[in-house]
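Novice: sharing a model prediction with you, sequence too.
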Amino acid sequence: MSTAIRLKLSLMMFLEFFIWGAWFVTLGTYLLHDLHATGLQVGTAFLTQSIGAIIAPFVVGLIADRYFSAQKILGVLHLLGAGLLWQASRAADFSNFYPSILGYMVLYMPTLALVNSVAFRQMRDPQTEFAPIRVLGTLGWIVAGLLIGWLNWEQGGGLRNTFLLAAGASAVLGVFSFALPATPPLPRAAAGTSLGSLLGLEAVGLLKNRSYLIFFLASVAICIPLAFYYGFTNPFLNEVNMPRAAAVQSLGQVSELLFMLAIPLFFRRLGVKKMLAIGMSAWVLRYVFFAFGGADATWALLLGIVLHGVCYDFFFVTGQIYTDNLAGEQFKSAAQGFITLATYGVGMLIGTLLSGRIFDAYQLPGGTHDWRMIWLIPAVIAAVVLLLFLLLFRDEKIGANAAEVAPL
């Protein structure tokens with residue numbers, strides 16, 4: 001790969017995740033404080049991510065893989081998305097805000113697959129070339145959080161600007177996409193023809209493997225407490241007066257970045273079951289730290305945020321490797337699509353609806369909340385999932401090449 005192409009792909013990844021991180025992290029705080037939304041409405045807003053994840057395979061499979069170049073579709077989606085983000089910034093209440101953000105996420109979620117498609121099609125050796133480019137996406141998310149903190153938009157009442165910032169970046173990426181390397185549609189035979197192939201349902205046969213079935217169910221269940229983290233961590237940190245909360249939350253992505261690079265080493269030493277169990281244990285610890293942390297114990301809050309790298313990498317990245325090694329060569333892509341649909345589609349859908357109801361149920365007089373109970377509930381859910389996983393999952397040996405798969 002030439003240096004020019006590598007730089008273009010790196011900038012593409014940086015902007016892709018800068019856009020998401022620029023508004024998504026502080027969404028809950030914005031809805032609660034600026035639009036006076038309820039917890040259920042906050043959960044409903046975050047639910048748009050799941051709706052987008054469910055629709056994304058149709059956009060990529062039916063359109064991008066078949067008829068148009070991926071980089072051109074990427075450009076069109078981001079230009080349309082810029083308009084919807086601008087419209088969302090002008091909404092005076094939740095009822096006007098929700099259609100814009102729903103439409104935006106339906107457009108944005110397919111771009112996560114499209115940027116990967118554009119990148120992979122330019123690579124001769126994705127296992128070594130992809131990770132250094134993908135890591136720029138994590139850096140983009142971190143920079144977005146640091147910028148919001150530096151501009152003091154949370155405490156200064158300027159969170160409406162996050163949507164304008166994201167809209168501007170989306171417009172830039174939309175225009176820039178047309179300068180990306182050509183990524184023409186796949187030959188008709190390679191694009192897949194059935195609904196099952198689009199949704200990854202061809203990989204459903206993996207569930208006949210008892211251990212994989214346990215992993216699959218655990219993946220869906222563990223995304224329920226994940227929704228609590230995405231939806232209510234920023235409102236929580238701001239309510240306990242954490243300075244520059246969005247910037248502090250970016251420590252989670254720094255942790256994710258560091259642990260991602262160490263995954264191959266841990267995988268060789270620990271194996272599948274221990275890796276997955278450590279990941280789920282970190283979920284329990286994170287919510288316990290949140291439950292008992294606060295203004296007088298900020299160290300606990302910081303530890304809970306830093307544990308994000310262990311939570312995500314040890315469970316989700318390990319799960320991707322585990323899935324890749326169990327799937328036959330013909331169904332590797334279908335298997336990854338299947339597990340993504342189940343986690344970010346079904347699991348997060350359940351979690352966003354539940355977390356909003358829990359948030360509302362523990363509201364206190366004066367607009368504060370019983371955060372200890374709000375965080376202990378996902379801690380208990382994660383602990384139950386962990387316990388059942390340890391009892392039922394058998395650590396079957398998988399291919400030796402597992403440790404060599406580049407984490408995504």
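Specialist: Now that the structure is in, tell me what you want to look at.

Novice: can we go C-alpha only for contacts and neighbour counts from here?
Specialist: OK.

Novice: Three-state assignment for Ala179, please.
Specialist: Put simply, Ala179 is coil when judged by DSSP: H, G, I helix; E, B strand; the rest coil.

Novice: any weak-confidence spans in the stretch 101-250 of the chain?
Specialist: 126-127, 186-203 (pLDDT under 70).

Novice: so which residues of it form helices?
Specialist: Ranges of helices within the stretch 101-250 of the chain are 126-151, 160-177, 195-199, 210-239, 245-292, based on DSSP state H, counting those that start in this stretch.

Novice: quick one, which of the ones you listed gets closest to Val317.
Specialist: helix 245-292 (8.0 Å; CA to CA).

Novice: what's the spacing between that closest one and its chain's center?
Specialist: Centroid separation for helix 245-292 versus its chain: 14 Å, with CA atoms, centre = their mean, to the nearest Å.

Novice: just the angle between it and helix 210-239, please?
Specialist: 110 degrees (axes from the mean of the first three to the mean of the last three CA atoms, to 10 degrees).

Novice: including mean neighbour count, could the helices of the stretch 101-250 of the chain go into JSON lines?
Specialist: Output for these, formatted as JSON lines (neighbours: other CA atoms under 10 Å):
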{"stretch": "helix 126-151", "mean neighbour count": "20"}
{"stretch": "helix 160-177", "mean neighbour count": "22"}
{"stretch": "helix 195-199", "mean neighbour count": "19"}
{"stretch": "helix 210-239", "mean neighbour count": "21"}
{"stretch": "helix 245-292", "mean neighbour count": "21"}
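
Novice: of the ones you listed, which is nearest His33?
Specialist: Closest among the helices of the stretch 101-250 of the chain, once you apply CA to CA, is helix 210-239, at 8.9 Å.

Novice: check which helices and strands the closest one sits against.
Specialist: Contacts defined by 3 or more CA pairs under 8 Å, 6 or more residues apart in numbering; DSSP states H and E place helix 210-239 against helix 27-33, helix 39-59, helix 245-292, helix 348-361, helix 371-392.

Novice: residues contacting Ser355?
Specialist: The contact partners of Ser355, taken as CA atoms under 8 Å, 6 or more residues apart in numbering, are Gly39, Leu40, Gly43, Pro225, Ala227, Phe228, Gly231.

Novice: gap between it and Gly279?
Specialist: Computed as CA to CA, to the nearest Å, the Ser355 to Gly279 distance reads 21 Å.

Novice: switch the helices and strands packed on helix 210-239 over to JSON lines; also include distance to Arg121.
Specialist: JSON lines is the format used below for the helices and strands packed on helix 210-239 (distance: least, CA to CA, whole Å):
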{"stretch": "helix 27-33", "distance to Arg121": "34"}
{"stretch": "helix 39-59", "distance to Arg121": "18"}
{"stretch": "helix 245-292", "distance to Arg121": "23"}
{"stretch": "helix 348-361", "distance to Arg121": "30"}
{"stretch": "helix 371-392", "distance to Arg121": "37"}
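
Novice: tell me which of these lies nearest to Tyr67.
Specialist: Smallest distance to Tyr67 across the helices and strands packed on helix 210-239 (CA to CA): 11.0 Å, for helix 39-59.

Novice: what packs against that closest one?
Specialist: Helix 39-59 is packed against helix 27-33, helix 94-120, helix 195-199, helix 210-239, helix 348-361, with contacts defined by 3+ CA pairs under 8 Å, 6+ apart.

Novice: between helix 39-59 and the helix or strand just after it, find me the angle.
Specialist: Moving toward the C-terminus from helix 39-59, the first helix or strand encountered (DSSP states H and E) is helix 70-89. For helix 70-89 against helix 39-59, the angle by the same axes, to 10 degrees is 160 degrees.

Novice: what pLDDT, on average, does helix 70-89 get?
Specialist: Mean pLDDT, computed over helix 70-89, is 94.

Novice: now the residue most central in space within the chain: closest residue in space that isn't a chain neighbour?
Specialist: For the chain, Tyr344 is the residue whose C-alpha lies nearest the centre (CA atoms, centre = their mean; 7.7 Å). Closest residue in space to Tyr344, ignoring its immediate chain neighbours: Ser50 at 5.6 Å, by CA to CA, 6 or more residues apart in numbering.

Novice: and if you look at Gly81?
Specialist: Gly81 sits nearest to Tyr104 (CA to CA, 6+ apart), 5.4 Å away.

Novice: how much space separates the one you found from Leu257?
Specialist: Taken as CA to CA, the spacing of Tyr104 relative to Leu257 amounts to 27 Å.
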